[in-house]
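S.K.: What follows is a predicted structure for the sequence shown.
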Amino acid sequence: MKYITEYRNKDLSHKIADRINNLLNGYKGKISLMEVCGTHTHAIFRSGIMSLLSDKIEHLSGPGCPVCVTPNKYIDTAIAYSRLGDTIITTFGDMIKVPGSTSSLEKEKASGSKVRIIYSPLESLEIAKKNPEKKIVFLGVGFETTAPLVASTILSAKDENIKNFFVLSGHKLIPPAMTALLESKEIKIDGFICPGHVSAIIGEGPYRPIVKKYGIPSVIIGFEPLDLLEGIEMLTKQITQRKKPSVENQYKRVVRSEGNKKALTLIDKVFDVKDSPWRGLGLLLKSGLSIKKAYAKFDAEKNIECEIEKTKEHPECICGKVLMGTKKPYDCKLYSKTCTPEHPIGPCMVSSEGTCAAYYKFKKE
Amino acid sequence: MCLAIPMKLIKIEGDKGEVELSGVKKEVSLTLLKEVEIGDYLIIHAGFAIEKLNEEEAKKTLAIWEEIGNL
Amino acid sequence: MKKKNTENKKILLSHGSGGTAMSTLIKEMMIDKFDNPVLRQLTDSAVLPPSGNKQLCFTTDSYVVNPVFFPGGDIGSLAVNGTVNDLSVMGAKPLYISCSLIIEEGLDMDILDKITTSMEKASKKANVQIVTGDTKVVERGNADKIFINTAGIGIIQKNTILSAKRIKTGDKIIINGEIGAHGLAVMSKRENFKTNIKSDCAPLWDLIDGMLSAGGIKFMRDPTRGGVATVLCEIAEQSGFGIQINEENLPIHDNVSSFSEILGLDPLYIANEGKVIAIVAKNRASSVLAKMKKHALGKESSIIGEITNKNKSRVVLETIIGGKRIIDRLTGDQLPRIC
């Protein structure tokens, strides 16, 4: 597989791991590196790179799993829509199992609701055309990588005059979450592993003010084992050699410093930035996307009326703290006892990129 | 929310393209990219091409690693 | 030339009602195709030839795959080979199969014809006879096109003792070829991707018979639903030993690797329908491997790992870059990831 396999070389991996470990030889104390992208969480665990690296590196998983940071109210809304007889809910896979206050889309599907897992938001348009009497509601969950796709899909729906397609926007933005984590001061973060594909869209720019204000080295990193190792080496160098903290780009083959301007224009065209509630982080200013007035006819919240149950959170679920990195999964009373992948209570256990799911699958400690 | 893979562009039809990786082919939307050519490697996420792989940069990195490998 | 005209004909409720429509359907679709002396008796139960003091093996499985036709196979060939393989991995030579059909009203007769022809071909290739069966038709909407149940009987060959209790530290783990093809072949039709991935659906007795005669086989399983990872987890839990596997030695074709990357799936958890995992004594592993490689269904056989006394009851994978991670059981469906 071109441009994939070359980044999985065993010997090189060991060489770079050795270089990282050498950098840490004289360093006193540990360095905490946080990744804020669920795909990074998965990639790090899957590659097993942490087992090659010194104990001095502490790996923290942040709020990078879009399914995990989606609050109960969004899920309850999706569930309420699914219960209306004339809707078909279309969604990416992980959302199906996430528990809301009292149910999940998977359970609703078993009770007769129409819920379809799709690979691309464009499939929703095909479903809408084939089912003109139904309302197709796409669950727009995801960060800046996915938002332009949904924007493009809404524009296609407008061009094709599709009247029964709607989006329930739950899109969120990564940089405000990074700022919130640093503001909270609850955890010590020495370096950020910045999300490779979010950065392909937004570029290096949004990270610069964060690095300037808080002085935390941030490196945009790809997803193959050698990308991760090279990026961690760049972070470790900045930290141990006490360089001026800066934004660096390890993933230059995909990420341009100015990002993807066309994609950013599409997001601007279709979405407004708004304050948004995040599980674990609370309401973050200017951290979410809502559909602009001009495209209101595709906005599920403006077109579909129904009663949504009162939001309830499980009193002992600490997904919020796990997402922040302030607690580890095994600090949770429910983890692996009541809350397991088969019977998840919180979203961190459901999503294949959720921290608890990753720990359960790959570590079991 | 970043699962995306480099696939080679083998056909263009308006704002849709067909990409290929090891014999696996898919029609994807090109609406997020400005200019693409047959033979380009595109980063594919959920049925859309979100970026074009910069082969120059890729080759640079691989060359540096080859050096490290030879040390 | 077609023997019967099934074009534009559909299965009706009357085809399941016990009358002449049903007996004609059964004759044309099954009896004439599967044709053997036991079946021809057309009694309520099949009377099998005596098996003396041999040990019998009995299994059953239901097949509900959607879509019913996929690259490399169909629900019919799957129904035969799946049951044949469940017997084979127990060291039992498969002999007799039953075939029960639940058909949705309105199914094209043409489709039923193709499926039962496929079952005929598969049973001939597997050297088994379909000796009894049943046919039901349910109202439209109450079944998804066709569901098939097959039960199978085999005879455990002399001196074959396969048991998880025989497993010891140092035993090698061997698989007969590439993983992940079946699940992805089915998925490619559902997800609208064009691929050249074909299901590996195939009958394994001939290969396994050869392996058993090479000696040293302690235990076998076929990694169907849940894939290689699930079978290895079960073996580790049952035996109490640890299992170490090497990602480098897992036979995975590029197209399977690529397609699973695109969908965010792990080939280790994807279903296979023509694969056997064998736990083999250390000193026999190379000769078993050599024998397997000579067989058409074993050309890409590989030693993928071994039994250890570290990490008891767990499966540890050494990753392609030399890192380590734990392989756990699959929980629920492996959903194609996007995030």
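M.R.: Yes, it's here.

S.K.: For chain B, which residue gets nearest to chain A?
M.R.: Closest to chain A within chain B is residue B:47: 2.6 Å, counting by CB to the nearest CB. C-beta: built from backbone N, CA, C; applies to glycine.

S.K.: tell me the contacts of that residue?
M.R.: Counting by CB atoms under 8 Å, 6 or more residues apart in numbering or on different chains, residue B:47 touches A:119, A:120, A:121, A:122, A:123, A:149, B:26, B:28, B:29.

S.K.: which of these has the most neighbours?
M.R.: The residue in these with the most neighbours, by other CB atoms under 10 Å in any protein chain shown, is residue A:121 (30 neighbours).

S.K.: pretty sure that one is in contact with residue A:149, am I right?
M.R.: Yes. Residue A:121 is in contact with residue A:149 according to CB atoms under 8 Å; the separation is 5.5 Å.

S.K.: if I look at the closest residue to chain C within the stretch 251-365 of chain A, how far off is chain B?
M.R.: Proximity to chain C, evaluated over the stretch 251-365 of chain A using CB to the nearest CB, is greatest for residue A:341 at 3.5 Å. Distance of residue A:341 to chain B, given as CB to the nearest CB, to the nearest Å: 19 Å.

S.K.: close enough to count as contact, that residue and residue A:348?
M.R.: No. Residue A:341 sits out of contact with residue A:348 when judged by CB under 8 Å, with a separation of 10.8 Å.

S.K.: More neighbours: which of those two?
M.R.: When residue A:341 and residue A:348 are compared for neighbours, residue A:348 comes out ahead with 35 against 20, by other CB under 10 Å.

S.K.: Now do the more buried one against residue C:230, distance only.
M.R.: Relative to residue C:230, residue A:348 is positioned 23 Å away (CB to CB, to the nearest Å).

S.K.: and residue C:40, how many neighbours?
M.R.: Using other CB under 10 Å, residue C:40 is surrounded by 11 other residues.

S.K.: Can you give me the pLDDT of the spatially closest residue to it that is not a sequence neighbour?
M.R.: With sequence-adjacent residues excluded and distances taken as CB to CB, 6 or more residues apart in numbering or on different chains, residue C:40 is closest to residue C:31, at 7.3 Å. pLDDT recorded at residue C:31 is 93.

S.K.: Doesn't residue C:31 lie inside a helix?
M.R.: Yes. Secondary structure of residue C:31 (DSSP: H, G, I helix; E, B strand; the rest coil): part of a helix.

S.K.: Let me see the contact set for it.
M.R.: Contact partners of residue C:31, counting by CB under 8 Å, 6+ apart, are C:39, C:40, C:42.

S.K.: How about the residues of chain B by chain C?
M.R.: Taking CB under 8 Å from any CB of the partner chain as the contact definition, chain B meets chain C at B:1-3, B:5, B:7, B:21-26, B:44-46.

S.K.: Which parts of chain C belong to which domain?
M.R.: Chain C breaks down into these domains under automatic domain parsing: C:13-156, C:164-327.

S.K.: Phi first, then psi, for the closest residue to chain C within chain A.
M.R.: The nearest approach of chain A to chain C comes at residue A:48, 2.3 Å away (CB to the nearest CB). Residue A:48 adopts backbone torsions of phi 70, psi 20, taken as degrees, to the nearest 10.

S.K.: Could you report the neighbour count for it?
M.R.: As a burial measure, residue A:48 scores 23 neighbours (other CB under 10 Å).

S.K.: Return the residues in contact with the nearest residue to it once chain neighbours are set aside.
M.R.: Closest residue in space to residue A:48, ignoring its immediate chain neighbours: residue C:323 at 2.3 Å, by CB to CB, 6+ apart. Applying CB under 8 Å, 6+ apart, we find residue C:323 in contact with A:13, A:47, A:48, A:49, A:50, A:51, A:52, A:225.

S.K.: Common neighbours of residue A:121 and residue A:149, please.
M.R.: Common contacts of residue A:121 and residue A:149 (CB under 8 Å, 6+ apart): B:46, B:47.

S.K.: List the beta-bridge partners for residue A:277.
M.R.: Going by DSSP bridges, residue A:277 is paired in beta bridges with residue A:283.

S.K.: can you tell me how far it sits from residue A:322?
M.R.: Applying CB to CB, the value for residue A:277 to residue A:322 is 17 Å.

S.K.: and the nearest residue to residue C:312 once chain neighbours are set aside, how many residues sit next to it?
M.R.: Residue nearest to residue C:312 in three dimensions, not counting chain neighbours: residue C:242, with 5.2 Å by CB to CB, 6+ apart. Counted with other CB under 10 Å, residues neighbouring residue C:242 total 18.

S.K.: Tell me the bridge partners for residue C:242.
M.R.: Beta-bridge partners for residue C:242, by DSSP bridges, are residue C:308.

S.K.: so how far is residue C:321 from the closest residue in space to residue A:217 that isn't next to it in sequence?
M.R.: Counting by CB to CB, 6+ apart, residue A:217 lies nearest to residue A:238, which is 3.8 Å off, once chain neighbours are set aside. The gap separating residue A:238 from residue C:321 is 23 Å, by CB to CB.

S.K.: Show me which of the two is the more surrounded one.
M.R.: Counted by other CB under 10 Å, residue A:238 and residue C:321 do not tie: residue C:321 has more neighbours, with 27 against 20.

S.K.: so the more buried one, which of the three states?
M.R.: Put simply, residue C:321 is coil when judged by three-state DSSP.

S.K.: Wait, it touches residue A:49, no?
M.R.: Yes. Assessed by CB under 8 Å, residue C:321 is found in contact with residue A:49 at 6.9 Å.

S.K.: Identify the contacts common to those two.
M.R.: Each of A:13, A:225 lies in contact with both residue C:321 and residue A:49 under the rule CB under 8 Å, 6+ apart.

S.K.: Could you report the pLDDT at residue A:364?
M.R.: For residue A:364, the pLDDT comes out at 50.

S.K.: Right, and chain B sits closest to which residue of the stretch 101-250 of chain A?
M.R.: Counting by CB to the nearest CB, the stretch 101-250 of chain A gets nearest chain B through residue A:120, at 2.6 Å.

S.K.: Surely residue C:177 is in contact with residue C:300?
M.R.: Yes. Applying CB under 8 Å, one finds residue C:177 in contact with residue C:300, separated by 4.1 Å.

S.K.: can you list residues touching both of those two?
M.R.: Here residue C:177 and residue C:300 have residue C:251 as joint contacts, going by CB under 8 Å, 6+ apart.

S.K.: Out of the residues of chain B next to chain C, which sit inside helices?
M.R.: Among the residues of chain B next to chain C, the subset assigned to helices under DSSP state H is empty.

S.K.: So which of the residues you listed belong to strands?
M.R.: Under the assignment DSSP state E, the residues of chain B next to chain C contribute B:5, B:7, B:21, B:24, B:25, B:26, B:44, B:45 to strands.

S.K.: quick one: contacts for residue C:37?
M.R.: For residue C:37, the contact set (CB under 8 Å, 6+ apart) is empty.

S.K.: what sits against residue A:224?
M.R.: A:4, A:7, A:8, A:43, A:47.

S.K.: and the third one, how many neighbours?
M.R.: Residue A:8 is surrounded by 18 other residues when neighbours are defined as other CB under 10 Å.

S.K.: so how far is residue B:65 from it?
M.R.: If you measure residue A:8 against residue B:65 using CB to CB, the figure is 12 Å.

S.K.: And the last one, by the same measure?
M.R.: Between residue A:47 and residue B:65 the distance is 16 Å, computed by CB to CB.

S.K.: Please identify which of those two sits among more neighbours.
M.R.: Neighbour totals were compared for residue A:47 and residue B:65, and residue A:47 leads with 26 against 18 (other CB under 10 Å).
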